[in-house]
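Q: show me how the following folds:
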Amino acid sequence: MQKDTSSSDVSASHVGRVRQRRRNSEIAADGNRANGPALLVSDQNKYKSMLIRTYSTLWMIGGFVFVIYMGHLYVWAMVVVIQIFMATELFNLLRKSSEEKQLPGFRLLNWHFFFTAMLFTYGRFLSRELVNTVTSDHLLFKVVSGLIKYQMFICYFLYTAGFVWFILTLKKKTYNYQFKQYAWTHMILLTVFAQSSFTVANIFEGMFWFLLPASLIVINDIAAYLFGFFLGRTPLIKLSPKKTWEGFIGASVTTIVSAFLLANVMGRFPWLTCPRKDLSTGWLHCDPAPMFKPEHYFLGDSVPQWFPWKEVSLLPVQWHALALGLFASIIAPFGGFFASGFKRAFKIKDFGDSIPGHGGITDRMDCQMVMAVFAYIYLQSFISPHNFSVDAILDQILRNLTYEEQKSLYQQLGEMILERQFMQS
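A: Predicted coordinates:
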């Protein structure tokens with residue numbers, strides 16, 4: 001009896017310890033589940049993810065710097081490649097293999113609309129640069145001038161051909177799928193071209209207006225990740241559970257300060273500030289615009305005696321850079337939030353997997369597209385002159401006059417200038 005009693009006591013105590021351990025583990029698990037979304041530091045795999053993300057970021061930054069060094073034409077080519085990758089990722093979201101098998105050639109129709117939109121967009125933005133590139137060849141100049149003159153008609157004809165092509169491919173059992181794809185294709189064209197085409201316009205206005213906004217988005221993204229990684233406690237928005245207020249505020253301050261400092265550095269290089277008026281790749285030299293001419297401020301008694309600098313050299317464009325930095329840190333992140341909600345609607349984690357640790361190209365470009373539009377509008381509204389400039393008048397002449405009419409205009413202008421010189425003398 002004593003033996004049985006002792007054995008039962010041991011087993012009872014063992015069961016009690018097991019239950020106690022289970023209870024403790026359940027409490028710990030419940031605590032982790034309760035605090036998990038807020039305590040990002042407790043994530044076990046975050047350091048591995050951070051390492052992969054860092055490697056990818058360094059490679060992207062290195063490649064980006066190399067393309068910038070190569071020149072405006074190569075940057076434009078990079079933007080076109082990015083647009084093709086973005087369109088590919090977005091086209092694949094609604095694609096169904098079972099339906100595609102019944103519609104041979106239907107995927108080709110998407111790309112027909114894509115390249116038609118590309119021809120229309122870049123034909124409008126880069127017509128002056130294209131004409132300036134071929135002025136030395138008389139025959140080529142006439143061909144290019146004709147294409148530019150009828151560019152809108154050509155694009156409309158191509159779009160109409162695609163529209164007719166779509167109608168002719170309609171099949172009875174796939175009406176719903178085909179019209180969804182038609183609407184989806186147009187939304188992609190609006191998203192990709194209506195925004196990223198402003199990026200190309202910024203490039204040829206001066207690399208500064210492309211590089212600074214793009215750099216601010218990268219800085220904001222990196223700073224938000226690092227501040228959230230090490231200090232993140234308070235969730236920012238439900239659409240992006242990993243975004244925190246600490247990351248958002250820290251990134252905002254970092255971005256605004258970086259905008260002011262980077263503008264001073266970038267604004268001193270003619271390669272970045274001079275506008276490109278053709279499609280060549282040669283080195284640029286120009287007289288700096290007033291925005292990029294240094295202004296000296298004497299600090300005087302406003303700083304302590306031990307302060308080493310009594311005079312500060314600033315560029316007027318730095319004050320405009322603060323507006324870009326403010327937009328990049330406060331408004332542009334909502335492009336990322338929009339993309340997060342979009343991905344949740346389609347129940348996907350990323351748009352693609354082409355960039356390790358980052359997802360697809362579209363995942364990196366969501367904020368960049370919003371920023372590019374703002375940079376272009378800000379440049380045209382507050383910085384570019386609104387009066388008629390020589391470049392604007394020449395653009396109209398090259399776009400609307402034939403080669404013979406341009407020669408006649410040149411001769412008449414020469415005669416008028418000679419007459420004025422004779423009258424003044």
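Q: what about residue 279, how many neighbours?
A: Neighbours of residue 279 under the rule other Cβ atoms under 10 Å: 17. Where you see a C-beta, it was placed from the backbone N, CA and C, and this is true even at glycine.
Q: ugh, wrong one, residue 188
A: For residue 188, using other Cβ under 10 Å, the count is 22.
Q: so what touches the helix or strand harbouring residue 410?
A: Residue 410 is located in helix 403-424, with elements delineated by DSSP states H and E. Residues outside helix 403-424 that contact it (Cβ atoms under 8 Å, 6 or more residues apart in numbering) are 138, 141-142, 145, 397-398, 401.
Q: that helix - what's its average pLDDT?
A: Helix 403-424 shows a mean pLDDT of 87.
Q: buried stuff in that helix?
A: Buried residues in helix 403-424, counted by 16 or more other Cβ atoms under 10 Å: residue 406.
Q: C-alpha coordinates for that helix, PDB please?
A: The C-alpha trace of helix 403-424 is given here as PDB (Å, rounded to 0.1, in the frame of the first residue of the first chain):
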ATOM      1  CA  TYR A 403      12.400  72.500 -93.300                       C
ATOM      2  CA  GLU A 404      11.800  75.000 -96.100                       C
ATOM      3  CA  GLU A 405       9.700  77.200 -93.800                       C
ATOM      4  CA  GLN A 406      12.400  77.100 -91.200                       C
ATOM      5  CA  LYS A 407      15.000  78.200 -93.700                       C
ATOM      6  CA  SER A 408      12.700  81.000 -94.800                       C
ATOM      7  CA  LEU A 409      12.200  82.100 -91.200                       C
ATOM      8  CA  TYR A 410      16.000  82.000 -90.600                       C
ATOM      9  CA  GLN A 411      16.600  84.300 -93.600                       C
ATOM     10  CA  GLN A 412      13.900  86.800 -92.600                       C
ATOM     11  CA  LEU A 413      15.200  86.900 -89.100                       C
ATOM     12  CA  GLY A 414      18.700  87.600 -90.400                       C
ATOM     13  CA  GLU A 415      17.400  90.400 -92.600                       C
ATOM     14  CA  MET A 416      15.500  92.000 -89.700                       C
ATOM     15  CA  ILE A 417      18.500  91.900 -87.400                       C
ATOM     16  CA  LEU A 418      20.700  93.500 -90.100                       C
ATOM     17  CA  GLU A 419      18.200  96.300 -90.600                       C
ATOM     18  CA  ARG A 420      18.000  97.000 -86.900                       C
ATOM     19  CA  GLN A 421      21.800  97.100 -86.600                       C
ATOM     20  CA  PHE A 422      21.900  99.500 -89.600                       C
ATOM     21  CA  MET A 423      19.300 101.800 -88.100                       C
ATOM     22  CA  GLN A 424      21.100 101.900 -84.700                       C
END
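Q: quick check, central residue of the protein?
A: The residue lying closest to the centre of the chain (Cα atoms, centre = their mean) is residue 368, at 2.4 Å.
Q: am I right that residue 296 sits in a strand?
A: Yes. Per DSSP: H, G, I helix; E, B strand; the rest coil, residue 296 lies within a strand segment.
Q: specify the beta-bridge partners of it.
A: Beta-bridge pairing for residue 296 (DSSP bridges): residue 313.
Q: per-residue confidence for it?
A: According to the prediction, residue 296 has pLDDT 87.
Q: still on that earlier bit, pull the strand or helix carrying the residue nearest to the centre of the chain out as CSV, backbone CA atoms only.
A: Per DSSP H and E, residue 368 falls inside helix 361-378. Extracted in CSV, the C-alpha atoms of helix 361-378 (Å, rounded to 0.1, in the frame of the first residue of the first chain):
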residue,chain,number,x,y,z
ILE,A,361,10.0,46.1,-59.2
THR,A,362,6.6,47.6,-58.5
ASP,A,363,7.1,47.2,-54.8
ARG,A,364,10.1,49.6,-55.1
MET,A,365,8.5,52.1,-57.5
ASP,A,366,5.2,52.8,-55.7
CYS,A,367,6.5,55.9,-53.9
GLN,A,368,8.8,56.9,-56.7
MET,A,369,6.0,57.4,-59.1
VAL,A,370,4.1,59.7,-56.7
MET,A,371,7.3,61.6,-56.0
ALA,A,372,8.1,62.0,-59.7
VAL,A,373,4.8,63.7,-60.5
PHE,A,374,5.1,66.1,-57.6
ALA,A,375,8.7,67.0,-58.6
TYR,A,376,7.6,67.8,-62.2
ILE,A,377,4.6,69.9,-61.1
TYR,A,378,6.6,71.7,-58.5
